[in-house]
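Student: Quick one: sequence and predicted model below, then my questions.
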Amino acid sequence: MSTQVQAQTEQFDAATQKELQVFLEQEQAKARLQTSIHTFTDMCWDKCITGSISNRFSRGEEGCLVNCVDRFLDTSLFIVKSLEAKRGQI
């Protein structure tokens, strides 16, 4: 939190401060998720959509999108688990 925000939250009791902290962490997690979704949408779209845009994807485009998103999620999960394991070693 910024210094100004910390100064403003010091006027609250401990329970309210904790509630605010949890709320901010949840909102930050939502923002990270939205960023990830935006990233893999852009990446997979650029990689997989090669034809003209129509009302349906071709079978190859659809399969490419599914595989691309699956690999992105697998990689992200692997990175998170690795970081958690390293943090647990500290």
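Tutor: Now that the structure is in, tell me what you want to look at.
Student: separation between residue 74 and residue 81?
Tutor: Here the criterion is C-beta to C-beta, to the nearest Å. By it, residue 74 lies 11 Å from residue 81. For every residue, glycine as well, the C-beta is placed using N, CA and C.
Student: wait, residue 36
Tutor: 15 Å.
Student: next one: residue 48
Tutor: 26 Å.
Student: what's the answer for residue 34, then?
Tutor: Distance, residue 34 to residue 81, by C-beta to C-beta: 22 Å.
Student: circling back: please say which of residue 48 and residue 81 ends up with more neighbours.
Tutor: residue 48 (19 against 10; other C-beta atoms under 10 Å).
Student: thought that one was touching residue 64?
Tutor: Yes: at 3.6 Å, residue 48 and residue 64 qualify as touching, with contact defined as C-beta atoms under 8 Å.
Student: does the residue in the chain sticking out farthest from the centre count as helix, strand or coil?
Tutor: Most distant from the centre of the chain: residue 11, at 32.0 Å, with distances by C-alpha atoms, centre = their mean. Counting by DSSP: H, G, I helix; E, B strand; the rest coil, the backbone at residue 11 sits in coil.
Student: do the same with residue 40
Tutor: Per three-state DSSP, residue 40 ends up helix.
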